[in-house]
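**Q** sequence first, predicted coordinates after that:
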Amino acid sequence: MSYPQPFSPEEKLADAKKLLRLPRIVVICGSTRFMAEMAEADLRETRAGKIVVKPGCDMKSPHEFWSDPVEAQALKVRLDDLHRAKIRLADEVLVVGDYIGDSTRAEIAYARSLGKPVRFTHPEVDPDA
């Protein structure tokens, strides 16, 4: 006799999104050097009726929160974890910019390992193309 398998957390989340009739959620990834382009992509995706999540901190710009190098490194680790959570939450990923660094490459690989569709504003930078 076989028993029904319990739903995975991912299946529960997908079901909850459907029950709540949420619009698609897109997470924006890319180097923070493209923050202006990310804001433009946010505008376009929002206009298309999607919920948008994106990086909330540009650690390349001076700020008291990351002025201490030790605290900045700890914050970077927390922000990377937070961004992976955003990727898990999202239905799709939009990579912004014409450059892919190590962090963005890791985010793309993570998203793809979860089966998330990944789009690019500059498809020629797709590391798997």
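**A** Arrived safely, thanks for sending.
**Q** pLDDT wise, what is the closest residue to R33 other than its chain neighbours at?
**A** Nearest non-adjacent residue to R33, counting by Cβ to Cβ, 6 or more residues apart in numbering: K60, 6.3 Å away. Any C-beta I mention is one placed from the backbone N, CA and C, and that applies to glycine too. At K60, the model reports a pLDDT of 88.
**Q** likewise the one 4 residues further on?
**A** The confidence metric pLDDT takes the value 93 at E64.
**Q** OK, contacts around I51?
**A** Contact partners of I51, counting by Cβ atoms under 8 Å, 6 or more residues apart in numbering, are L22, P23, R24, I25, V26.
**Q** recalculate using a threshold of 7 Å.
**A** Counting by Cβ atoms under 7 Å, 6 or more residues apart in numbering, I51 touches L22, P23, I25.
**Q** for it, give me phi and psi.
**A** Note on I51: backbone dihedrals following degrees, to the nearest 10 are phi -80, psi 130.
**Q** show me what it is bridged to.
**A** I25 (DSSP bridges).
**Q** just the helices in the protein please.
**A** 9-19, 35-47, 69-89, 102-113 (DSSP state H).
**Q** can you add mean neighbour count and give these back as JSON lines?
**A** Below are the helices of the chain laid out as JSON lines (neighbours: other Cβ atoms under 10 Å):
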{"stretch": "helix 9-19", "mean neighbour count": "11"}
{"stretch": "helix 35-47", "mean neighbour count": "15"}
{"stretch": "helix 69-89", "mean neighbour count": "13"}
{"stretch": "helix 102-113", "mean neighbour count": "16"}
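**Q** closest one to T121 among those?
**A** Proximity to T121 (Cβ to Cβ) singles out helix 35-47 among the helices of the chain, at 6.6 Å.
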